[in-house]
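Give me a 3D structure for the following:
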Amino acid sequence: MLGAFRQLAARALKPRVSSTINRSAMHTFHNHIPLTQLALPVSLLKPIAQMEPKTDTEELFADSVMRKRRLKMKKHKLRKRRKRQKAEKRKQSQGK
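Just a heads-up that it's a prediction; the model follows:
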């Protein structure tokens, strides 16, 4: 059933090129459903309680981006430190 709605919405959202219909004839469709209603998600279940408005997605993305960046810097510093320590050990062993 959802597949049929998706196909209908996909067909409705596709731009049609037709030179036979002029602008004044477009307004004569009485059973016309706006494209915005067709693009809305279809749900067969009614919500029990009204849902709270979602938080901004930008805020969520910023948090995860900062976490990833911190982790990346932590790994980078660790690799740098290990490389430096390895070089120091090599230098000390050659000095003996």
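
what's near enough to touch residue 4?
Contacts for residue 4 were tallied using CB atoms under 8 Å, 6 or more residues apart in numbering; there are none. From N, CA and C alone the C-beta is placed, and that goes for glycine too.

On the three-state scheme, it is what?
helix (DSSP: H, G, I helix; E, B strand; the rest coil).

pLDDT score for it?
We have a pLDDT of 74 for residue 4.

Please identify the helix or strand for residue 82.
Using DSSP states H and E, residue 82 maps to helix 57-95.

For burial, what's the neighbour tally of residue 9?
Using other CB atoms under 10 Å, residue 9 is surrounded by 17 other residues.

Got the phi and psi for it?
phi -70, psi -40 (degrees, to the nearest 10).

If you rank every helix and strand of this protein by mean pLDDT, what lands last?
helix 23-26 (a mean of 54; mean pLDDT, DSSP states H and E).
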